[in-house]
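K.L.:
compute the structure for the input listed below.
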Amino acid sequence: MKESSFSLAERLESIKAGTLGALSLLLAFGMAAIANNLMLTKSLETLPAMDLNLVIRGAIASISGFLFGATYRYAIRRDTNPHLKTGVVLAFGLVRGFGQLDVGLSGDAGILLGKNIWLFPVMDAESILMFAIASLSLDFAIQNNWIKPFNSN
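P.N.:
Now for the predicted structure:
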């Protein structure tokens, strides 16, 4: 009997891809938080404090990374189309970045009118870069057969 494309084995591979995506995005988020702190304070002595805000943002990054990993594995399947891969990265990165913009607009619209207008394109680029890092780690894992690509047959 032919195995369903949504078999237990496929689900486990998606969980592996999601877990790698979550870890990759959490690592990229941590690096971004440290880099942002260094640019703002110009000092290594004041690394980001482990406050509730940072923990929640890290958890959101991890959940986003998990969803990205599972979706990325499914979207690319065995395809080598670079436009498909970058499209998934851009979609996730822009949605995350636009979400940050939406929060900024709804909270204090004056932020955009002041000197911090450059923050939003930077946050969009940062989000795209974080998902690009996750995609590279997923591509590496798939190439080394640590994670199997989605089998559509």
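K.L.:
chain center to the helix or strand where Met130 lies: distance?
P.N.:
Taking DSSP states H and E as the definition, Met130 sits inside helix 119-143. From the chain centre to the centre of helix 119-143 is a distance of 6 Å (CA atoms, centre = their mean, to the nearest Å).
K.L.:
ok, now stretch 56-66?
P.N.:
Relative to the centre of its chain, stretch 56-66 is centred 8 Å away, using CA atoms, centre = their mean.
K.L.:
who's in contact with it?
P.N.:
By CB atoms under 8 Å, 6 or more residues apart in numbering, the residues outside stretch 56-66 that reach it are 18-19, 21-26, 28-30, 33, 92, 96, 130, 134. Yep, even glycine has a C-beta here, placed from its N, CA and C like the rest.
K.L.:
please apply the same query to stretch 129-145.
P.N.:
Residues contacting stretch 129-145 (CB under 8 Å, 6+ apart): 16-17, 20-21, 24-25, 27-29, 32, 61, 65, 68-69, 72-73, 85, 88-89, 92-93, 96, 147-149.
K.L.:
tell me which residue is most central in this structure.
P.N.:
By CA atoms, centre = their mean, the chain has its centre lying nearest to Phe131, at 3.6 Å.
K.L.:
mind checking pLDDT for that residue?
P.N.:
Looking at Phe131, its pLDDT reads 97.
K.L.:
from Val89, how far out is it?
P.N.:
For Phe131, the distance to Val89 (CB to CB, to the nearest Å) stands at 5 Å.
K.L.:
over to Gly97?
P.N.:
Distance from Gly97 to Val89, by CB to CB: 12 Å.
K.L.:
overlap of the contact sets of those two?
P.N.:
Counting by CB under 8 Å, 6+ apart, the residues touching both Gly97 and Val89 are Ile128.
K.L.:
buried ones in stretch 71-89?
P.N.:
Buried residues in stretch 71-89, counting neighbours by 16 or more other CB atoms under 10 Å, are found at Thr71, Tyr72, Arg73, Tyr74, Ile76, Lys85, Val88, Val89.
K.L.:
for that stretch, what does the pLDDT average out to?
P.N.:
Per-residue scores along stretch 71-89 average to 87.
K.L.:
isn't Tyr74 right next to Pro149, touching?
P.N.:
No - contact between Tyr74 and Pro149 fails when scored by CB atoms under 8 Å: they sit 9.3 Å apart.
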